[in-house]
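In: Take a look and give me a structure for this.
(2 chains)
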Amino acid sequence: MDVLDLARTQFALTGSLHFLFVVLTLGLAPLVAIMHTRWARTGQPLHERMTRFWGQIYVINYALGIVTGLVMEFQFGLAWSGLTDYAGDVFGAPLAMETLLAFFLESTFLGLWIFGWGRLPKWAHVACIWAVTLTAYASAFFIMVANSFLQNPAGAVADGERLRLADFGALLTNKALTFSFPHVIGAGLFTGGMVLVGASAYRLWRRAEETEFFGRSLRTGVLAAALGIMVTVAFGYAQFGGVAEGKFGSGNVPASVALGFMIEIGQLLALVVLFVMLPLIRVLPRARWAHPVLMLMTPLPFILAILGWMAREIGRQPWMIWERLTVADAMTPGLTAGMVTTSLIGFTAVLGLLAVVDYVLIARAIRRGPQAPDLGATAESTPSPALTY
Amino acid sequence: MELLWFAVFTVLLTGYFALEGFDLGVGLLLPLLGRTRADRDRMVAAIAPYVLANEVWLVAVGGTLAGVYPLLDGRVLSALYPLVVAMLLSWVLRDAGLWFRRRAGGTVWRGFWDAAIAFGSLGLSAGWGMALYAAATGFQAPAVHPLGLLLGVVVTLLFAFHGWTFLAWRTPGVFGAARSGRALLVSGAAAALPALGVLVAAMPYLLEHTAPPATLNVLSLMVLPVAPILVGAQVWVWRTFRPGKDAVLLPSFF
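Out: Next up is the predicted model:
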C-alpha cells in the first residue's frame, strides 16, 4: 500500500469505528430522555430503573463515541492538510460550529446528567438529558453539513488557489444534506430501537425475573425501530434526486455493491419490522421462539450503517471535494508511509481493543440486568461516606 | 473581528490548560497520593464531575483552529504528526481509564485502568510542553528536542501542582492540605501560563492567517449569540459540584 492508501485506510477504519458508537448514541439518547421524563412525571420505580439501566448502556457506549471522535477531529489537520489549505475557509466553519455549538454543550450537559444524580432538582436533571439529545442531533447536523459540502460543494466559489465562502445558507440547504441528515437520524433511532429489542429479548429468553421491565423495553424498542426504519427508508430513496451523476454504477463498483447490499438488507429489515414485529408487538415479549431471532438481528443496523457510509464515501472517489479537489491532492504533502503506518497501527490497535472492551462491558451490563446499575448509584449511598472525612 | 476571534481562541486554549490541567494533574498524582484503592476512588471522584466539561475545551480549540485558522490547522498538526498522534493516544487512554475503571470489579482490572489514567495524563502533559516549544520555534525545532522535553517537565509539574491544589480545595484535609478557591485560581493561572506565553508571541502570525471576513462573519453570527449558554452551562457545573460535606459522593460513576 502506498501512503495515500494507508491514509485512506486510517480514515476509513477510525471513521467507521466512530460511527458504530455514534449511531447508537443518536438512537438511545432520545429513548433514555423519554424514559427519564416518564420517571420524573410518574415517580414510578419501574421508570427509574429503566432510565438507569438503559442510561448506563447509553453512557458506556458513549465513552467510545468520544474517544474515537477525538481522533477524527484532529485527523483532518494531520493527514489531509490539502483539504484545509484549499477549502478550510468553507469546510472549517461547520466543523467549528459542531464543536462550539453542539459538542461543547453536549459534553458539559452529559457530565451534569451523569454526576448530577441526587444533586440536581428533578426537572433540571431531566432538562440535562434533553439538552444532550438536542446537541447530539445538532452535532450530527453540522458534521453532515461538512460532509455534504464534500459531496456537493455548494455555497463556495473558487478564488485563485482556494475556495472562498460565498453563501453559508447554500451549505445548510445543500441538496446532498436535506435528505441525508434525516436518513442518518432515522438510522440512529432504528439502531437504538433494535438494541432495546435485542437486549430485552435476551433477558426474556433467559427467563429473567423482570418480565414487565423487559416486556415494556422490547415494545418501546419495536416502536422506535419501526419509526426509525420508516424515516431511514423514505429519506434514503429521496436522496437519489440529489446524488451526483456517475457516483454509482459501473464506474465505481465497490460503492455500488455497498449501496446494493444496504438497500436489499434494509428493505428486508423494513418489511420484517413493519409487517411482522409491529403487528405482533403485544405478543413478542411472551413469544419465546422469536427471542433468538430478535437477538440475532441486533448487529444488522450497525452493518447497514457502515455500508451506507461506504456507499457515500467510496462513491465520492476519486474526489475529496466533488469535481474540485482529488483525495490525492488533499493529502498532507510530505507525509511518509512510515508515519502513517505507525499511526494507523496505533489508532487501530488502541481504538479497536477499546471498542471490543466496550462491547464486552455493554454485554456484561445487559447480562447483569437492571439490579443496581452504577449510573445514579450515588443517590442511594446513605449515609454519605463523605461525612466520615 | 480578527482580534475578537483571537481572544476567543486564547480563552479556549488557556481555559483548557487551567481547567483540564487539574484533571491531568490528579491523574499524574494518582500513583503517588492514591496509596489505597479507596484513596484512588476519592481522587477520581473529585475530578469526575468536571472532566467532561473540561476536556471539551480542547475539542473547541480544535474546531476553532479549523474554522478561524484553517491554513494553520493542517500546518500545525501535520508538522507535529508523531507528537499529535502520541498525544491523542494518551488522551484516549486517560479517558478510557476514567470510563472503564469502575465498570468491573477485579483488582487487576482497576489497577490497569488506573495506570492508563496516570500514563495517559503523563503523555498528554509532557506532550503539551513539547508541542508548545515546537510552536514557539515556529515548528523549526524537531518534535523531540531537549528544550521541548524540559518544557514538558515544567508543564507536567505545573499540572501536578494544580491537581494537588484542586484536591486540597475540593476535598480539604483528605490528602493532607486544604486550600481556598483563590489558591486554585492562582494554580490555574500558573498552569495556563505556558500556553498564554506562546499565544501572545504568536499573535501577529495568528492574526495574519485568520480566515477571511466572509467566514468570520458567519461564525460570529452563529456562535456568539450562543456564547452565554456555553458560559452558563460551565458555571452550572461549578455551582453544582462545589466543595462541601457531600462534595465527593462514593460510589462515583468514574
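In: now for the helix or strand encompassing B:Ala7, which elements pack on it?
Out: Here B:Ala7, judged by DSSP states H and E, is contained in helix B:2-33. When contacts are defined as 3 or more C-beta pairs under 8 Å, 6 or more residues apart in numbering or on different chains; DSSP states H and E, helix B:2-33 sits against helix B:37-68, helix B:107-136, helix B:146-170, helix B:181-201, helix B:203-208, helix B:213-223. Every residue, glycine included, has its C-beta placed from N, CA and C.
In: looking at these, which is closest to chain A?
Out: The closest approach between chain A and any of the helices and strands packed on helix B:2-33, judged by C-beta to the nearest C-beta, belongs to helix B:37-68 at 2.6 Å.
In: Sort out which residues of the closest one are buried, please.
Out: B:40-68 (16 or more other C-beta atoms under 10 Å in any protein chain shown).
In: re the thing from before, including distance to B:Trp236 and mean pLDDT, could the helices and strands packed on helix B:2-33 go into a markdown table?
Out: What follows is these, written out as a markdown table (distance: least, C-beta to C-beta, whole Å; pLDDT from 0 to 100):
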| stretch | distance to B:Trp236 | mean pLDDT |
| --- | --- | --- |
| helix B:37-68 | 9 | 96 |
| helix B:107-136 | 26 | 97 |
| helix B:146-170 | 17 | 97 |
| helix B:181-201 | 17 | 97 |
| helix B:203-208 | 31 | 95 |
| helix B:213-223 | 19 | 96 |
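In: Could you export the ones you listed as CSV, including distance to A:Trp54?
Out: Shown next, in CSV, are the helices and strands packed on helix B:2-33 (distance: least, C-beta to C-beta, whole Å):
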stretch, distance to A:Trp54
helix B:37-68, 19
helix B:107-136, 24
helix B:146-170, 31
helix B:181-201, 37
helix B:203-208, 45
helix B:213-223, 33
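In: Quick check: which of the ones you listed is buried the most?
Out: helix B:37-68 (a mean of 23; mean count of other C-beta atoms under 10 Å in any protein chain shown).
In: Let me know the next secondary structure element after that one.
Out: helix B:70-79.
In: For A:Leu120, grab the count of nearby residues.
Out: Neighbour count of A:Leu120, defined by other C-beta atoms under 10 Å in any protein chain shown: 17.
In: ok, now which ones touch the closest residue to it other than its chain neighbours?
Out: In space, and not counting its chain neighbours, A:Leu120 is closest to B:Thr240: 6.4 Å by C-beta to C-beta, 6 or more residues apart in numbering or on different chains. B:Thr240 is in contact with A:112, A:116, A:119-120, B:49, counting by C-beta atoms under 8 Å, 6 or more residues apart in numbering or on different chains.
In: Tell me the confidence at B:Thr240?
Out: Listed pLDDT for B:Thr240 reads 94.
In: residues contacting the residue lying closest to B:Trp128 once chain neighbours are set aside?
Out: Nearest residue to B:Trp128, sequence neighbours excluded (C-beta to C-beta, 6+ apart): B:Val155, at 5.1 Å. Contacts for B:Val155 (C-beta under 8 Å, 6+ apart) come out as B:125-126, B:128-129, B:132, B:191, B:194.
In: switch to 7 Å and redo it
Out: Counting by C-beta atoms under 7 Å, 6 or more residues apart in numbering or on different chains, B:Val155 makes contact with B:125, B:128-129, B:194.
In: C-terminal to the helix or strand where A:Ala199 lies, which secondary structure element comes first?
Out: In the assignment (DSSP H and E), A:Ala199 maps to helix A:180-205. Next helix or strand after helix A:180-205 toward the C-terminus (DSSP H and E): helix A:211-238.
In: Leaving out the residues flanking it, which one is nearest to residue 2?
Out: Here I'm looking at chain A. Computed as C-beta to C-beta, 6+ apart, the closest residue to A:Asp2 that is not its neighbour in sequence is A:Ala337, at 6.7 Å.
In: should've been chain B
Out: Nearest to B:Glu2 is B:Thr210, by C-beta to C-beta, 6+ apart, at 4.5 Å.
In: OK, contacts around that neighbour?
Out: B:2, B:5, B:68-69, B:216.
In: re the thing from before, let me know the angle separating the helix holding B:Ala7 from helix B:181-201.
Out: Interaxial angle, helix B:2-33 versus helix B:181-201 (axes from the mean of the first three to the mean of the last three C-alpha atoms, to 10 degrees): 130 degrees.
In: Give me the buried stretch members for whichever strand or helix holds A:Tyr359, please.
Out: Assessed by DSSP H and E, A:Tyr359 sits inside helix A:337-368. Neighbour-count burial for helix A:337-368 flags A:339-340, A:343-344, A:346-347, A:350-351, A:354-355, A:357-358, A:361-362, A:365-366 (criterion: 16+ other C-beta under 10 Å).
In: Show the overlap between those residues and what lies near chain B.
Out: A:339, A:343, A:346, A:350-351, A:354, A:357, A:361 (C-beta under 7 Å from any C-beta of the partner chain).
In: now, which of those sits nearest A:Arg41?
Out: Ranked by distance to A:Arg41 (C-beta to C-beta), those are led by A:Leu361 at 30.7 Å.
In: isn't that closest one right next to B:Trp99, touching?
Out: No: contact between A:Leu361 and B:Trp99 fails when scored by C-beta atoms under 7 Å: they sit 9.0 Å apart.
In: Find the nearest non-adjacent residue to B:Val248, please.
Out: Closest to B:Val248 by C-beta to C-beta, 6+ apart is B:Ala45, at 4.7 Å.
In: Oh, that last question was meant for B:Leu199, not what I typed.
Out: B:Thr10 (5.1 Å).
In: picking up where we left off before, make sure the residue nearest to B:Val248 is actually in contact with B:Ala247.
Out: No: B:Ala45 lies out of contact with B:Ala247 (C-beta under 7 Å); the separation is 8.9 Å.
In: Quick one: the helices in the stretch 1-150 of chain A, in order.
Out: Taking DSSP state H, counting those that start in this stretch as the criterion, the stretch 1-150 of chain A contains helices spanning A:3-42, A:45-79, A:81-97, A:104-115, A:122-151.
In: The third one and chain B, are they touching?
Out: Yes: judged by C-beta under 7 Å from any C-beta, helix A:81-97 and chain B are in contact via A:81, A:84-85, A:88-89, A:92-93, A:95-97.
In: Just put these in a markdown table and tack on pLDDT, neighbour count and distance to A:Val132.
Out: A markdown table is the format used below for the residues of helix A:81-97 next to chain B (pLDDT from 0 to 100; neighbours: other C-beta atoms under 10 Å in any protein chain shown; distance: C-beta to C-beta, whole Å):
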| residue | pLDDT | neighbour count | distance to A:Val132 |
| --- | --- | --- | --- |
| A:Ser81 | 96 | 27 | 33 |
| A:Thr84 | 95 | 27 | 29 |
| A:Asp85 | 95 | 21 | 35 |
| A:Gly88 | 96 | 28 | 29 |
| A:Asp89 | 96 | 23 | 31 |
| A:Gly92 | 96 | 29 | 25 |
| A:Ala93 | 97 | 31 | 24 |
| A:Leu95 | 97 | 25 | 20 |
| A:Ala96 | 97 | 27 | 21 |
| A:Met97 | 97 | 26 | 18 |
